[in-house]
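Visitor: Got a predicted structure plus its sequence, pasted below:
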Amino acid sequence: MSKKQITVKAPGKLMIAGEFAVLEPYHELAVMAVNRYVYATITESTDFRLSLEDFGLHDIPWSYKADKVQIQSNDKRFSFVADAIQITLTFLKEQEKQIPPFHLTTRSELDDASGVKYGLGSSAAIVTSVVSAILRFVAPRYATKEIIFRLAALSHVCTQGNGSGADIAASTYGGFRQYSSFQADWLLKTYQNASTISEVVDMEWTYYQSKKIRMPDFLNVCVGWTGTAASTKNLVQQIRLLKSSDSDAYEYFLQSSEEAVRLFLDGMNKENLDMLMTGVQKNRQALVYVGEKANTPIETPMLSNLCDLAERLGGAGKPSGAGGGDCGIAFMYSKEQVDNLFHAWKEVGIKPLTLQPSLEGECTLTNEE
């Protein structure tokens, strides 16, 4: 008799518009799931084991006792997965579900084969895939998109201490999403004051909103990698310092970002590419402004090249995510423009990535008894 096994895949993400501002209440961001994935496989086992294939960590024993996951390893690369397991198992225990032993294995295709990180939200996709796989393996009725999102978001914030959760939303729901953050500080405080995880999952999440937005059929999305990885956490800290050191500049940035995101979203919804392109350009300007005011290089010389070339060829480009390296994103009117842009990028050392929107979020690949 074959062992029960479930494999879940969850897409990575690219932030499209509204970076940094989304960390403030009610400020919207546009995010896109991309067609590169993290995979989590759960196999029925005689004991609890964990394998992170990308790090060469195999068959590591672990236990779940008194609502705590204990992994027999001090490797910090287990932290996101360990918290995701703990949050999900505790939630299931609250539902009075029996937890059978299983072997959990994760692998990712979000980064380059050489190990280079593109900034596609690997930790969020890993957490989402782990939460989804455990729910589907133990109690499939709880594997709804909303429960997966909330458990994964809580887990990710508990590990990282901050973040908007937009990357979790992209990995869970897929496609393009219009997103307002639940606010990490609010979620952590709520979790600390709650008696159960189920209580946190069931309550209204203040500030949080997420809905699908449709991408115009004739829109061409281009992604280029600048050759250097960026530290999102450090960049976010620098920008947030501006809030206290120069509140006027910070407020001006928030207003500029809000206007840019509104133009982008209206352009998407009305299939008005000129409006959409203007929104991208204005968001780029807002990010450059706040980077200069915070003395933080959001738009590196390579990102400037990426964006300038897109504009020169008739489109619009901007950094994706926190900037400082990683990827930039461009929108072009025609396939011919895309070909020209990719050629121009290569000429200056920018690597075009063959990424497209992933219209579905986390989902199962196999479900065998």
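Guide: Structure received. These numbers come from a predicted model, not from an experiment. Residues are numbered from 1 along each chain as shown.

Visitor: longest single strand anywhere in the chain?
Guide: Secondary structure of the chain read by DSSP state E shows that its longest strand is strand 28-44.

Visitor: Report the mean per-residue pLDDT for that one.
Guide: Computed over strand 28-44, the mean pLDDT rounds to 96.

Visitor: Repeat that for stretch 221-240.
Guide: Mean predicted confidence for stretch 221-240 is 85.

Visitor: For that stretch, buried residues please.
Guide: By 16 or more other Cβ atoms under 10 Å, the buried positions in stretch 221-240 come out as Val221, Cys222, Val223, Gly224, Trp225, Thr226, Ala230, Thr232, Leu235, Val236, Gln238, Ile239. No exception for glycine: its C-beta is placed from N, CA and C like everyone else's.

Visitor: Pipe those into a markdown table and attach secondary structure and distance to Lys346 per row.
Guide: Putting the buried residues of stretch 221-240 into a markdown table (DSSP: H, G, I helix; E, B strand; the rest coil; distance: Cβ to Cβ, whole Å) gives the following:
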| residue | secondary structure | distance to Lys346 |
| --- | --- | --- |
| Val221 | strand | 18 |
| Cys222 | strand | 12 |
| Val223 | strand | 14 |
| Gly224 | strand | 9 |
| Trp225 | strand | 11 |
| Thr226 | coil | 13 |
| Ala230 | coil | 21 |
| Thr232 | helix | 26 |
| Leu235 | helix | 27 |
| Val236 | helix | 31 |
| Gln238 | helix | 31 |
| Ile239 | helix | 31 |
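
Visitor: of all these, which comes closest to Met203?
Guide: When the buried residues of stretch 221-240 are compared for distance to Met203 (Cβ to Cβ), Val236 wins out at 26.2 Å.

Visitor: That closest one is in contact with Leu23, isn't it?
Guide: Yes - contact criterion Cβ atoms under 8 Å: Val236 and Leu23 qualify, at 7.0 Å.

Visitor: Show me whatever sits in contact with both of the two.
Guide: Here Val236 and Leu23 have Asn162 as joint contacts, going by Cβ atoms under 8 Å, 6 or more residues apart in numbering.

Visitor: Please name the strands paired to the helix or strand following the longest strand of the chain in the sheet, noting orientation.
Guide: Downstream of strand 28-44, the first helix or strand assigned by DSSP states H and E is strand 49-52. Next to strand 49-52 in the sheet, as set by DSSP bridges, lie strand 57-65 (antiparallel), strand 102-108 (parallel).

Visitor: hmm, who's touching strand 49-52?
Guide: Contact with strand 49-52 is made by 57-62, 71, 77-78, 81, 85, 102-106, as judged by Cβ under 8 Å, 6+ apart.

Visitor: Filter these down to the buried ones.
Guide: The neighbour count (16+ other Cβ under 10 Å) marks Leu57, Ile60, Trp62, Ile71, Phe78, Val81, Ile85, Phe102, His103, Leu104, Thr105, Thr106 as buried among the contacts of strand 49-52.

Visitor: element containing Ile6?
Guide: Residue-wise, Ile6 maps onto strand 5-17 under DSSP H and E.

Visitor: what about stretch 308-323, how long is it end to end?
Guide: From its first residue to its last, stretch 308-323 covers 15 Å (Cα to Cα, to the nearest Å).
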